[in-house]
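Participant: predicted model and sequence follow; I will ask about them next.
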Amino acid sequence: MNIALIADDSKKKLMQNFCIAYKRILSKNELYSTGTTGRLIEEVTNLTIHKYLAGHLGGCQQLGVQIEQNEIDLLIYLRDPLAPKQNETDLNHLLRLCDMHNIPFATNLASAELLIKSLDRGDLDWREMYK
């Protein structure tokens, strides 16, 4: 499965901890991320991550193209709903694309844990057939 990982600045440490906790599951999949988030995850987990540009520099748009081409199976975007974002339009577009292409996404730790555990159980294997 192809998993995209994005985190707002205030949630990057939480994303690192999430990836440490679920490293065993994540290591069995292809991981994609915006630049800064991907670099920070790699530093603490040694997972291999395909990194795009930083989100505000076009990384969200690059990821959006991959979603449009149905090349992402799961998006985890740990967002801070209270922090203003330069690229909020791009991020909302990513979530809209996930809805359009039936790609499961999580926007907080609770839903991210549910999806990652579902992935481990095989509950998301239907994505392979959907492609």
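Facilitator: Yes, it's here. Numbers count the residues shown, from 1 in each chain.

Participant: quick check: bridge partners of N2?
Facilitator: E30 (DSSP bridges).

Participant: I figured it hits S33, correct?
Facilitator: No. Using CB atoms under 8 Å, N2 and S33 do not qualify as a contacting pair, with a distance of 11.4 Å. C-beta here means a position set from N, CA and C on the backbone, and glycine is covered the same way.

Participant: between those two, which one's more packed in?
Facilitator: Under the criterion of other CB atoms under 10 Å, the comparison of N2 against S33 puts S33 first, with 27 against 19.

Participant: and the more buried one, backbone torsions?
Facilitator: When read as degrees, to the nearest 10, the backbone of S33 gives phi -160, psi 160.

Participant: against W126, how distant is it?
Facilitator: To W126, S33 is 24 Å away according to CB to CB, to the nearest Å.

Participant: ranges for the helices of this protein?
Facilitator: For the chain, applying DSSP state H gives helices covering 12-21, 23-26, 35-45, 59-68, 88-100, 109-121, 126-130.

Participant: for those helices, give me JSON lines that also has distance to Y52, mean neighbour count and mean pLDDT.
Facilitator: Formatted as JSON lines, the entries for those read as follows, by distance: least, CB to CB, whole Å; neighbours: other CB atoms under 10 Å; pLDDT from 0 to 100:
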{"stretch": "helix 12-21", "distance to Y52": "15", "mean neighbour count": "17", "mean pLDDT": "98"}
{"stretch": "helix 23-26", "distance to Y52": "17", "mean neighbour count": "15", "mean pLDDT": "98"}
{"stretch": "helix 35-45", "distance to Y52": "6", "mean neighbour count": "19", "mean pLDDT": "95"}
{"stretch": "helix 59-68", "distance to Y52": "4", "mean neighbour count": "19", "mean pLDDT": "88"}
{"stretch": "helix 88-100", "distance to Y52": "12", "mean neighbour count": "15", "mean pLDDT": "83"}
{"stretch": "helix 109-121", "distance to Y52": "19", "mean neighbour count": "15", "mean pLDDT": "97"}
{"stretch": "helix 126-130", "distance to Y52": "21", "mean neighbour count": "11", "mean pLDDT": "80"}
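
Participant: can you lay out these as a markdown table showing distance to K51?
Facilitator: Conversion of those to a markdown table gives the following (distance: least, CB to CB, whole Å):
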| stretch | distance to K51 |
| --- | --- |
| helix 12-21 | 14 |
| helix 23-26 | 15 |
| helix 35-45 | 4 |
| helix 59-68 | 8 |
| helix 88-100 | 16 |
| helix 109-121 | 19 |
| helix 126-130 | 22 |
